[in-house]
Each structure stands twice: as C-alpha cells, then as structure tokens.
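Colleague: Predicted structure and sequence below. I'll ask about it afterward.
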Amino acid sequence: MSRYLAAAFALLAMGLCAPHLEAGATSTSVELTPLTLELGLSPGSSHTGNVTVTNPGTAAEHLRVYLQDWTLKADGVIVFAAAGKLPGSACSWIDVAPTEFDLKPGGSATVRYTIRVPAAAPPETRAVILFESNAQIVQAPAGPSRLVPRVGTVLYVMTAPAAAPRARVREFGVSPDGGLFVIENAGETHLRFTGHLEVRSGPELVRQKDLTPFVLLPPPFCVRRTPLPKDWFADLAPGSYQVTVVLDCGGPSLLGAQTALIVPGDVPVMAVKK
Amino acid sequence: MRRCTAVLAALLVGAALLICASAGLAATSQQTLTVHATVAARATLTLGVTDIHFPASDPDATPAIDATENPVSVDVKAHSGSSSTVTLTCQANGDLVSGGDTIGIDQVSWTVTGAGFAAGTMSKSSGVSAGSWTGSGSRSGTFSFALANSWSYATGAYSQTVVYTLTAP
C-alpha cells in the first residue's frame, strides 16, 4: 500500500514539475512586419497604421506590446530606453492597441498604432513598438535565467520638409593595421548611407571594398565611428597608396574623404641597363 | 555528284523546317505577362530554449560553468532592403539575483557559431550586439553561455531575465 502511495506522490511531483520543465525546453518565436516605418507627417496631424505579428512556432505565445525610445551608439549598436527618456522621443504621442494577447501556433494578430503629432513637433522624433514573447511566465524569486525574444518596429516621425543632407567626414585614417572613419550628421533628420572604399596606386585601382550600410541619426546621436578591418590593407605590396572613402546618402552629391597609406617594406627597384 | 545530292537534301530539310516553324509562329500569338511580387519587410526571431541553467560547480575544477542547454539555437530570418541592416542585441534586466545576494551579469558571456552572430559579455546597462546582417536571408547559429565561477559567490539559486531584440533601424 505504501509503495502505491509513494508512486502516486512521485507522479504528482512530476506533474507539478512538468510545466516548468516544458517552459524551459520549448523554443520561442516571433515574426513581425513591417520592421521600419519612416513617416512624413505634418505637425498637428494624426496617423493610424497597423503592424502584424505572427507566431511561427509550435507553442502558444503570450505577447506584450509596448513603446520604448531607441538610439544608435557611435559603433552602430542600437540602444533601447524607457519611453520618454531619450531626446527626440515620439513615445508620448503614440498609442498602441491591444497591448497584450495570446497567439496560437501559426496565428497572427494586428496591432494598431495611432500617432498624434503636436503642432510644435521637432523635425524628427523616434520610437520603437516592441513585441515581447514569454510574458505569461512570472519570474520565480529564484530559478533559471530566462531568455526573452522580442522584435521591434522602428518608427521615424519626420515633420520637416525634405532638405539636402548635411554630413561631413570628421576623421579618416588608415594604416596596414586597419583604419577608422568618423562621420557626423549635422542635419535635422536621419541619413541612410551606402558606400565603398577605394585603394589606388597612382591611377590604378588596387582594391575596392563595400562598406556595410548604416544609419546616421541627427544630433545629439549624430556620430558614427566605422573601423576598417586590418585584412583590407595588410596584404598590400610595399608602396604608397591613396585611400578614398565614398559615401552616398541619396543627396545631390556624394560625400568623400581621402588619405595616404604607406605600406613599409622593400620596394622592388627596377634594374637599369647600362 | 553524291556530295551535291547530300547538300541539296540538307537544304531541302532546312527549308522544310523553316516552313514548319513559320507556320507554327503564324498560329500563335504572343502576349506579355507582367509578374508582380511584393516582398514586405518582415523578420522572425526564434530562440531554441527559453531557460538556461548553470549547475553548481567547484570553482577550482570548473572556473567557467557551461549552461546545461548549450548550444542554444538561434534563428534570424529577415526580408529587408538590400541596404538595410538587421541587428540582434542582448541586454539583461539586471544582475543575477538570489534573495539579497547578487552575481554581476557581466560574469556571463557567450560564444557563437553562425555567420553574422557575435560573441559577447552580458550587460545590464547597455545593449550588446549579438548579431548583424545586411539584406534578406535566413541565418542560423548557436549561443553557448558560460558563467565565470568564483569562491566569492554566496550560495543560492540565482536568476535573471535577458532580452534579445531584433530590429532593423
């Protein structure tokens, strides 16, 4: 009899433990569209739109929707902050609904956002609508460390008419050990850059490398530092080179900067016939 | 003579083929089909597990404790513009906490496999890059977590929440 009782207790214990073990073992997945919204809105106007979130996983998800501020560090890493904490926050003008809901596997939901732009809005403000999964699991006072996935729709709210980009290269230097260029946005709205780097020996193009596209926010988050990898220059033959960075942000002209690169070593000497 | 006959036969066959082809063309009408396809920007983030555990270990024998769930699979899928960058960042909500005791979250680091994924050390004060990709694609990788072990840790069951955020600024 006592053996059966022990077995019953063991089963009960397993039953109590099972949900916790399952939560840890289950994968979690969130899909979102669109990823970025660049909205040109008049001061004093309002705009309503939709974001769609899907659960492509095999387990049900409970999602929490909320707004945060964001900015970019000089190395390009995105940083999130509580709503209203960063300069240029649009969070206080935006409402989202619903803010919490369940999604079955394969299910999707539409979240509506409304932006009410104040009459005295600055030229550009930003926010991010975040969709956080796993919100149903209440954190135990002690237990495992939890990994929470979230996906965000980044919002740019632009109220100023389009103006010519105002950016400048503040610093540009290269050596056989790598390089660095620093660019600054002096305008009032963000800029999207693509570009490449050219290495020339006299008129001859020796090397060309594409730069990773990047976004440059307006002040005060307006500086971007881009390190150039060593392997772009390390295997160049000894000699002197001109290195040019060419950047395009969609303006009427390209932005560029040039510097000299000297690769030390024995430069081959041409034999002279007597 | 035989050679002339062969050439003549070849010419006749060629002419016949040409006539057939012309007849065929005459019987068909060409129309243009314009194909429209819209690819909306979207992204999916999938984490292979939601909880990770670091088992208690002797700091001398195990100076770095591997999470029992290692390697944790991470999938990032994105449809984005060719010059758009999709980024994955990691930020902890605080230090590892057990009652009144804490272990700095910067004692947890991770290594990666998979193109574009970035190794790092956890932070509670700032987001740390965990990956970055340009343009559309399906990227799979793994994170392997390790906790730097120490005799100075007070006994307890510590926990914290770490948020992985996928965006395309």
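Modeller: All right, it came through fine.
Colleague: Against chain B, how distant is residue A:63?
Modeller: Separation of residue A:63 from chain B (Cβ to the nearest Cβ, to the nearest Å): 13 Å. Placement of C-beta: from N, CA and C, glycine included.
Colleague: residues from the stretch 151-274 of chain A in reach of chain B?
Modeller: Where proximity means Cβ under 8 Å from any Cβ of the partner chain, the interface of the stretch 151-274 of chain A facing chain B comprises A:151-152, A:154, A:192, A:194, A:212-215.
Colleague: Just the pLDDT for residue 6.
Modeller: I'll assume chain A. Per-residue pLDDT puts residue A:6 at 36.
Colleague: other chain: chain B
Modeller: According to the per-residue confidence, residue B:6 scores 50 in pLDDT.
Colleague: Would you point out which residue is most central in chain A?
Modeller: The centroid of chain A falls nearest to residue A:78 when counting by Cα atoms, centre = their mean (4.9 Å).
Colleague: Longest strand in chain B, by number of residues?
Modeller: Looking only at chain B and at elements set by DSSP state E, the strand with the highest residue count is strand B:137-148.
Colleague: Check which residues of that strand are buried.
Modeller: Judged by neighbour count using 16 or more other Cβ atoms under 10 Å in any protein chain shown, the buried positions of strand B:137-148 are B:139, B:141-148.
Colleague: does any part of the helix or strand just after it sit near chain A?
Modeller: For strand B:137-148, the following helix or strand on the C-terminal side (DSSP states H and E) is strand B:161-167. Yes. Judged by Cβ under 8 Å from any Cβ, strand B:161-167 and chain A are in contact via B:161-167.
Colleague: Helix, strand, or coil at the closest residue to chain B within the stretch 151-274 of chain A?
Modeller: Among all residues of the stretch 151-274 of chain A, residue A:213 sits closest to chain B, at 3.9 Å; criterion: Cβ to the nearest Cβ. Classification of residue A:213 into helix, strand or coil gives strand, according to DSSP: H, G, I helix; E, B strand; the rest coil.
Colleague: Can you give me the neighbour number for it?
Modeller: The local packing of residue A:213 (other Cβ atoms under 10 Å in any protein chain shown) involves 17 other residues.
Colleague: contacting residues for the residue nearest to it when sequence neighbours are not counted?
Modeller: Using Cβ to Cβ, 6 or more residues apart in numbering or on different chains and skipping the chain neighbours, the partner closest in space to residue A:213 is residue B:83 (3.9 Å). Contacts for residue B:83 (Cβ atoms under 8 Å, 6 or more residues apart in numbering or on different chains) come out as A:192, A:194, A:213, B:134-135.
Colleague: Give me the pLDDT for residue B:83.
Modeller: According to the model, residue B:83 scores 83 on pLDDT.
Colleague: which SSE is it in?
Modeller: Per DSSP H and E: residue B:83 is located in neither a helix nor a strand.
Colleague: related to what we said a few turns ago, ok, the residue of the stretch 151-274 of chain A closest to chain B - contacts?
Modeller: A:192-194, B:83-85, B:134.
Colleague: Buried among the residues you listed? Make that a PyMOL selection.
Modeller: Buried members of those can be picked out in PyMOL with the line below, counting by 16+ other Cβ under 10 Å:
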select buried, (chain A and resi 192+193+194) or (chain B and resi 84+85+134)
